[in-house]
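1. next one to model:
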Amino acid sequence: MKRILLEKVKESVQSIGPVTLVILIISLIFGVPGKEIGEFLIGALFLIVGLILFNLGSETSMMAIAEKIGNYITRKKKLILLIVVGFIIGFLATIAEPNLWVLAKQFPAIPFQVLLVASAIGVGIFLVVTLLRITFQMRFSTLILLGYGLVLVFAILSPSEFLPAAFDFGWVITGPLTVPFIMALGLGIASARSDKASADDSFGLVGLIALGPTLAILLLGNFYPAIYEGSASDSTLGGYLLSFILEVAIAILPFIIFFVIFQIIAFKLKKKRVLRISIGFIFTYIGLVLFLAGANAGFLSIGTHLGKKIAGMEITWLLLPIGMIFGFTIAVAEPAVGVLTKQVEEVTAGTLPRKVMNAALSIGVAFAVGLACLRILTGIPIWYILLPCYLLIFILSFIVPKNFTPIAFDSGASVSGVMSSSFLIPFANAAAEKIGANVLTDAFGLLAFVAMAPILIVQILGLIYKLKSKKPVAVEGEDSIIELSEVQNETVDNNS
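-> Coordinates of the predicted model:
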């Protein structure tokens, strides 16, 4: 237990520490008041402690439950059971996702509770689609193409002001709870299959479920006025703590009920295991409360202040390089990135090393945030950037090895999490407000770029690996590239 705790402490400090240091330095350079810096540092401490407790708790409770449920519903071989349970799990995981809570508080155009429920329904539906993909071995690139075709139709029929936020809500739900939880569920279902491709099919889940909230927000845009009146909050750290103590309890309670039901009808775990899972739920609860309070009181507040401060300067273009610095640091700070890159490295037997993935993600996110800042300053319509980039992504999906496309979309999902929702979005929104831009059309959509850049980069990596794999393997001592599919098949064979 001590070793696991030290590992989680190390992971959380490595995730939050660098970006906290960068924000602190830039805050000092731009003369942010000492009071706000103090609140930010306390918030960062809460965020680190909350993340440690959350990761410890969710790993022993929610993740363990997810994998067991995945195995259970696959062994039962009842399609209706998979559909019903998959929807419920997707719905509950989304309701409890901290990233969604942070973003929903910043988008007053639609009521908070409506945003949560609509996003959860969208995730539930698309989680069912992804589980059916694993069960029936459907090609990922075909499904993702059909999904984005549906997004295009909804976007044409919905008010344009809601399109950027729709993409943000789609990607923000892939955070510290949803990514490991749903990937654990997918692995549980995939491992119950005996064929060699089962391990590969566990990828792509989080990339596909991002479509659910995107479509849900576009649909809601037809029923709510496109009005943005600001989302700043003057609540203190204590105020946030009191607020989230009740709200998080309401979000976690359905999970506990769901576990109790499955324990009675299916799991029948021993008392010691049930006690461990119960303690895990307590850790998860406390961690979420601290996490959300720290993110809102610390990072959201300082992000808003810096956005206004930098955008209010005479040299407004400084917003671009500073935004890129934040983006570069935040990419590796996302907890979900560590989960994904570790699993990718294991499944590909080192063909995609964590260092290469981290470097590619950091560079991609840096350019993405710079592009988002450019949109704030110029008002370039989001379609002018998204449409050609996604066209290239879909073309590449039919060229690169099939394993790379789901990994690419999972990569995009993994970087659009904690730091993006709690710092980057308030930073961009505040900057847009300061220069008089339209926040709904010009500032929201940042996560769309943040998620899109890694997708494109990983697809390009896939193309490079495919081209190099056609060359003769180098002799020992030289760099060599091995065909990805062969490595994965060998890995699955060794594990079976």
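2. I'd like the average pLDDT over stretch 422-434.
-> What stretch 422-434 shows for mean pLDDT is 89.
3. same question, stretch 66-84
-> Computed over stretch 66-84, the mean pLDDT rounds to 79.
4. how about it: buried residues?
-> Neighbour-count burial for stretch 66-84 flags Ala66, Glu67, Lys68, Ile69, Gly70, Asn71, Tyr72, Ile73, Thr74, Leu82, Ile83 (criterion: 16 or more other CB atoms under 10 Å). The way it works is simple: take the backbone N, C-alpha and C, and place the C-beta from them, glycine included.
5. mind checking the end-to-end distance for it?
-> One end of stretch 66-84 sits 14 Å from the other (CA to CA, to the nearest Å).
6. sorry, back to before: inside helices: which ones of the buried residues of stretch 66-84?
-> Of those, the ones assigned to helices by DSSP state H are Ala66, Glu67, Lys68, Ile69, Gly70, Asn71, Tyr72, Ile73, Thr74, Leu82, Ile83.
7. all helices of the stretch 251-400 of the chain, in order?
-> Here the stretch 251-400 of the chain has its helices, by DSSP state H, counting those that start in this stretch, at 271-294, 301-311, 319-333, 335-347, 354-378, 383-397.
8. what packs against the second one?
-> In other words, helix 301-311. Packed against helix 301-311 by the contact rule (3 or more CB pairs under 8 Å, 6 or more residues apart in numbering; DSSP states H and E) you find helix 2-29, helix 34-60, helix 319-333, helix 425-435.
9. mind giving me the packing neighbours of the shortest one?
-> Contact analysis of helix 425-435 by 3+ CB pairs under 8 Å, 6+ apart lists helix 301-311, helix 319-333, helix 354-378, helix 446-469 as its packing neighbours.
10. at 7 Å what do you get?
-> Contacts defined by 3 or more CB pairs under 7 Å, 6 or more residues apart in numbering; DSSP states H and E place helix 425-435 against helix 301-311, helix 354-378.
11. any idea how far Ala431 is from Ile322?
-> Going from Ile322 to Ala431 by CB to CB, to the nearest Å gives 10 Å.
12. so what sits against both of the two?
-> Ile310 (CB atoms under 7 Å, 6 or more residues apart in numbering).
13. pick out whichever of these two has more residues nearby.
-> Neighbour count, other CB atoms under 10 Å: between Ile322 and Ala431, Ala431 has more, with 30 against 22.
14. who touches that one in this structure?
-> Counted by CB under 7 Å, 6+ apart, Ala431 has contacts Gly307, Lys308, Ile310, Ala311, Leu319, Ile376.
15. got a list of what Phe281 touches?
-> Listed by CB under 7 Å, 6+ apart, the contact partners of Phe281 are Gly57, Ser61, Ile252, Ile256.
16. may I have the phi/psi pair for Pro108?
-> Reported as degrees, to the nearest 10, the phi and psi values for Pro108 are phi -70, psi 0.
17. kindly indicate which of the ones in helices among the buried residues of stretch 66-84 lies nearest Leu242.
-> Nearest to Leu242 among these: Ala66, at 30.4 Å, using CB to CB.
18. look up how far Leu290 lies from that closest one.
-> According to CB to CB, Ala66 and Leu290 sit 23 Å apart.
19. equivalent analysis for Trp101, please.
-> Taking CB to CB, one finds Trp101 at 13 Å from Leu290.
20. same deal with Trp317?
-> 37 Å.
21. which of these two has more residues huddled nearby?
-> Between Trp317 and Leu290, Leu290 has the larger neighbour count (other CB under 10 Å), namely 25 against 11.
22. so that one makes contact with Ile52?
-> No. Judged on CB atoms under 7 Å, Leu290 makes no contact with Ile52 at a distance of 9.2 Å.
23. doesn't Tyr285 make contact with Phe54?
-> No. Here Phe54 does not reach Tyr285: they are 9.0 Å apart, not a contact under CB under 7 Å.
24. higher neighbour count, the two?
-> Between Phe54 and Tyr285, counted using other CB under 10 Å, Phe54 has the larger neighbour count: 27 against 23.
25. any idea of the pLDDT on the more buried one?
-> In this model, Phe54 carries a pLDDT of 82.
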